[in-house]
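**Student:** next comes the sequence, and after it the predicted model I'd like to discuss.
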Amino acid sequence: MLNKQNMVSAQEALPGRDTPLALDDIHFVNQSSLAAQPQAGCEQILLGMGCFWGAERLFWQLDGVINTSVGYSGGFTKNPTYEEVCSGQTGHTEVVRVVYDPNVISLATLLATFWERHDPTQGMRQGNDLGTQYRSAVYVYSDEQYQTAQESKQAYQQLLGKAHSEITTEILPAGPYYYAENYHQQYLAKNPEGYCGLGGTGVCFPPEK
């Protein structure tokens, strides 16, 4: 019997499909293009912090964030469906793609929000949500982002101290990002009473000076 908290291997993962899932390209909240690449001077990053519904809402509300979408990354299956990801047989985790203007919001600020608003010490789960799809992850697009993410992780680990376990967040170069089904995109704007599983450790970074 498959244990959804054990990472599937590339050989055992579902193959998926060559055709991407259909995507309605307009952001439900700010009317931006979900599929557009970052414009000059802007950057993107993929953040996994459990169920992506609440995580996406968290980031689209921040000044300097241009666009958000939800999808699957970090695994092996091409163009997976939500049901396939939930099976634990794709290796993917649920992520939010955040496109942002670093002149308005720094990556360090984005990452501070990321660390504070979920528990990055829980391994293959987040709260009551169990499985590899709920693991904490930061997938970066440059060496500079990687260095910033590692420094941010170390700083948060020090803040957590001995009262908490070691951070299990994986920080890796971004691989393929597969958009989730349309009904997942901006889900909590379309369904304000929907499930939001965000819950942090209660440990925050000091206020910025």
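**Tutor:** All right, it came through fine.
**Student:** buried residues in stretch 73-82?
**Tutor:** Using 16 or more other Cβ atoms under 10 Å as the test for burial, stretch 73-82 gives S73, G74, G75, F76, T77, K78, P80, T81. C-beta coordinates here come from the backbone N, C-alpha and C atoms, glycine included.
**Student:** could you do stretch 17-29 as well?
**Tutor:** So stretch 17-29, judged by 16+ other Cβ under 10 Å, has buried residues L21, H27, V29.
**Student:** where do the helices of this protein begin and end?
**Tutor:** 52-60, 82-86, 107-116, 143-160, 187-190 (DSSP state H).
**Student:** which one, of the ones you listed, ends up nearest to K4?
**Tutor:** helix 82-86 (8.2 Å; Cβ to Cβ).
**Student:** starting at the chain centroid, how far to that closest one?
**Tutor:** Centroid separation between helix 82-86 and its chain, computed with Cα atoms, centre = their mean, to the nearest Å, is 16 Å.
**Student:** tell me which residues of that helix come out buried.
**Tutor:** Buried, per 16+ other Cβ under 10 Å, within helix 82-86: E84, V85.
**Student:** mean confidence score for that helix?
**Tutor:** When pLDDT is averaged over helix 82-86, the result is 97.
**Student:** hmm, who's touching that helix?
**Tutor:** By Cβ atoms under 8 Å, 6 or more residues apart in numbering, the residues outside helix 82-86 that reach it are 14, 16, 72, 75, 77, 90, 92, 94, 131, 133, 180-181, 184.
**Student:** in strands only, show me those.
**Tutor:** Of the contacts of helix 82-86, the ones assigned to strands by DSSP state E are Y72, E94.
**Student:** make a ChimeraX selection of the buried ones in the contacts of helix 82-86.
**Tutor:** Listed next is the ChimeraX selection for buried residues among these, using 16+ other Cβ under 10 Å:
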select :14,16,72,75,77,90,92,94,131,133,180,184
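**Student:** any chance of the contacts of helix 82-86 in JSON lines, plus distance to K190?
**Tutor:** As requested, the contacts of helix 82-86 are exported to JSON lines (distance: Cβ to Cβ, whole Å):
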{"residue": "L14", "distance to K190": "28"}
{"residue": "G16", "distance to K190": "26"}
{"residue": "Y72", "distance to K190": "19"}
{"residue": "G75", "distance to K190": "26"}
{"residue": "T77", "distance to K190": "26"}
{"residue": "T90", "distance to K190": "25"}
{"residue": "H92", "distance to K190": "23"}
{"residue": "E94", "distance to K190": "17"}
{"residue": "G131", "distance to K190": "24"}
{"residue": "Q133", "distance to K190": "21"}
{"residue": "A180", "distance to K190": "13"}
{"residue": "E181", "distance to K190": "12"}
{"residue": "H184", "distance to K190": "10"}
